[in-house]
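Novice: got a predicted structure plus its sequence, pasted below:
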Amino acid sequence: MVEMELSSDVDAVIENIGQLPPDVFAETCHEILLHLQGKSSAVDLVKNCHRFQIAGVNLDWKSVQDIIRLLSFNFRSAAKSKLTPELLITKLSKASCKWSKPALQVVHLLWIENGSLVQTHQETQAMLSIGQLVDIQWKLGMAVSSDTCRSLNSPYITILMKIADTYGEISYKSFEMTVLQFQNFFKQFKEMASVLETV
């Protein structure tokens, strides 16, 4: 697994967590745990920024993203190591002395309620190791000029896919295809949809 990428050091992120009221922190943790259980496709950064601002804690987007990444990383690591709530709190406390007692109590309570569900889902995800298609968009275009292409004035389709990976990070993939390729692509999607309706 790639090490967690934080814009600042871990202690600074934990100090930002300490600014959050326990109920707001619990809501964010709960949203992350739902994602790690496969019950939501991703953790909504905008929603969390707004939630923090309403609570009077003004953090920039990167700071909020760092909080989400740190918590996701720790919950995923705890699930992988099958940590009990007590061991998770011990591990967090040893990693940094900046954790506030209310924050640790929230983590402890939520891990009691959700730990085994996260462990089960993470084990399944590890076996599958696939993302989730969140959205797909397409548009028709026409090539009218090019320095290298000889077949101009032929239509093409541009596809944009929004994908949530197993860690909840959203990424976009785009590609182009001919109309014939797109028709085949569409036909395969229809076939998958009809098979899924029978399941």
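Specialist: Thanks, I have it.
Novice: next one: the lengthiest helix in the chain to chain centre, how far?
Specialist: Longest helix in the chain by number of residues (criterion: DSSP state H): helix 101-128. Between the centre of helix 101-128 and the centre of its host chain there is 15 Å, according to C-alpha atoms, centre = their mean, to the nearest Å.
Novice: residue ranges with poor pLDDT in the protein?
Specialist: 1-8, 125-130, 145-152, 166-168, 199 (pLDDT under 70).
Novice: can you give the domain ranges for it?
Specialist: Residue ranges for each domain of the chain read 10-128, 132-198, as given by automatic domain parsing.
Novice: just put those domains in CSV and tack on mean neighbour count.
Specialist: Using the backbone N, CA and C atoms, a C-beta is placed for each residue, glycine as well. Shown next, in CSV, are those (neighbours: other C-beta atoms under 10 Å):
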stretch, mean neighbour count
domain 10-128, 17
domain 132-198, 12
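Novice: contacts for stretch 185-199?
Specialist: 159, 177 (C-beta atoms under 8 Å, 6 or more residues apart in numbering).
Novice: chain center to it: distance?
Specialist: 26 Å.
Novice: just the C-alpha atoms of it, please, in CSV.
Specialist: This file holds the C-alpha atoms of stretch 185-199, laid out as CSV (Å, rounded to 0.1, in the frame of the first residue of the first chain):
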residue,chain,number,x,y,z
PHE,A,185,-19.5,-0.4,-26.2
PHE,A,186,-23.2,0.6,-25.7
LYS,A,187,-24.4,-2.9,-26.8
GLN,A,188,-22.1,-4.5,-24.2
PHE,A,189,-23.4,-2.2,-21.5
LYS,A,190,-27.0,-3.1,-22.4
GLU,A,191,-26.1,-6.8,-22.2
MET,A,192,-24.5,-6.3,-18.8
ALA,A,193,-27.6,-4.4,-17.6
SER,A,194,-30.0,-7.2,-18.7
VAL,A,195,-27.8,-9.8,-17.0
LEU,A,196,-27.7,-7.8,-13.8
GLU,A,197,-31.5,-7.5,-13.8
THR,A,198,-31.7,-11.3,-13.6
VAL,A,199,-29.4,-11.5,-10.5
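Novice: okay then, goodbye and thanks.
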